[in-house]
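> Got a sequence here, can you model it:
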Amino acid sequence: MIKELKIKDKVLSFPLIQGGMGVGVSLSNLAGAVMSEGCMGVISAAHPGYRKDYFRKESLKANCEAIIEEVKKAKDIACGKGLLGINIMAASKDYVEYVKAAVMAKVDAIISGAGLPLDLPKYVDDESILLAPIVSSGKAARLICKVWDKRHQTTPDFVVIEGSEAGGHLGFKKEDLIDDTCESIEKIYEDVKAELKPYQEKYEKDIPVFVAGGIFTGEDIAHYLQLGADGVQMGTRFIATNECDADIAFKQAVVAASEDTIEIVQSPTGFPGRGIMNDFMRKNKERGNITIRKCLNCLTPCTPEDTPYCISEALIQSAKGNINNGLVFVGSNASRVDKIVSVKELIEELKTSTYKALGETV
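Residues are numbered from 1 along each chain as shown. Modelled structure (predicted):
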């Protein structure tokens, strides 16, 4: 029987994290619905305030206010069920301010990737908030644990391993992604567990590990639970839900996606990403850099004069439904999504098939 997963003093009734998806794809509506099913809903801190009328003049203010507002809305929807996380990219120029806003909003967990969140503990003065890095290798886990131990006298509360089949920004070389020569999640899991062991012993606590990337069915979840993982993170399937915060056209683009329209794309963050090859991405691929009219000054590695396109604008446009003028990030299995369902239906399906694969009853 799958037991409740306890992380410090917080509990998940089913070990599933809904991946944080920006811009505007996973906000309070989606996160709250996932929480209502006893799982961890996640709000993305990537421009959650994009709908505010002053966003383009004061994006930092809009985003910080939106983080607090969206967290409250999600908690109201969940009525005390599940856990609420926020995903904050380490590559964000306003990373510290977003972390502080999340702390003020009293989220249950801060999940951080797209770079190494080496100083995340420094900015969180609330010990009740779980801190979790996203890693794609044992080497990254080792560095984060070493720095957190030395600088901050702490260690992660849980870790998310993001494999090469995930959507959005990926912690692998573009060539390896295209050639399919990335390490498997199974191998990365073994490496990460080995790196975490001494810190679990030193701090006398378990550090649960969640795996992500290409997970689509309950059978997939069961596979990783049998491998030893404590849970999984899933993003793409939650796009095709009624509660997803993106425009219906965004959801329909995922339903309509085929294997040959999903490609590794160039991102201004410096990380490769996986998305749907639409008119916007084809234009970028064929013509090179797309002129940036107004910079939101949001990413550390991005400079307007040499970036291929404004990723924030591309994600905003797609979230609003202007699909062919925007970027649609998806995981490798997006072509298998064939309909839009409710979050409740999706999670019940995943639970039932997970238990069945494990030879158990719900």
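> Leu12 - how many residues pack around it?
22 (other C-beta atoms under 10 Å). Quick note: C-beta positions are derived from backbone N, CA and C, even for glycine.
> who's in contact with it?
Residues counted as contacts of Leu12 (C-beta atoms under 8 Å, 6 or more residues apart in numbering) are Glu4, Leu5, Gly38, Cys39, Met40, Gly82, Leu83, Gly231.
> Need these in CSV (columns: neighbour count).
As requested, the contacts of Leu12 are exported to CSV (neighbours: other C-beta atoms under 10 Å):
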residue, neighbour count
Glu4, 10
Leu5, 20
Gly38, 19
Cys39, 26
Met40, 29
Gly82, 29
Leu83, 24
Gly231, 24
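> Poorly predicted segments of the chain, please.
The model of the chain has pLDDT under 70 over residues 1, 268-269, 284-309, 362.
> returning to what we had before: redo the contacts of Leu12 as TSV? Include secondary structure and distance to Ser164.
Formatted as TSV, those follow (DSSP: H, G, I helix; E, B strand; the rest coil; distance: C-beta to C-beta, whole Å):
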residue	secondary structure	distance to Ser164
Glu4	coil	30
Leu5	strand	25
Gly38	coil	29
Cys39	coil	24
Met40	strand	23
Gly82	coil	28
Leu83	strand	27
Gly231	strand	19
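> which one of the residues you listed sits closest to Val255?
Nearest to Val255 out of these is Cys39 (C-beta to C-beta; 22.4 Å).
> how near is the nearest residue to that closest one once chain neighbours are set aside to Asp220?
Leaving aside its chain neighbours, Cys39 sits nearest to Leu16 (4.2 Å; criterion: C-beta to C-beta, 6 or more residues apart in numbering). Distance of Leu16 to Asp220, given as C-beta to C-beta, to the nearest Å: 11 Å.
> same thing with Val328?
From Val328 to Asp220 the distance is 22 Å (C-beta to C-beta).
> With Lys81 instead?
From Lys81 to Asp220 the distance is 24 Å (C-beta to C-beta).
> quick one, which of the two is more surrounded?
Counting neighbours by other C-beta under 10 Å for Lys81 and for Asp220 shows that Asp220 has the greater number, 19 against 16.
> How is the chain partitioned into domains?
Per automatic domain parsing, the structural domains of the chain span 5-245+339-357, 250-325.
> Over to the closest residue in space to Ala222 that isn't next to it in sequence: give its phi and psi.
Ranked by C-beta to C-beta, 6+ apart and with sequence neighbours excluded, the top spatial neighbour of Ala222 is Ala357, at 3.6 Å. Ala357 adopts backbone torsions of phi -70, psi -30, taken as degrees, to the nearest 10.
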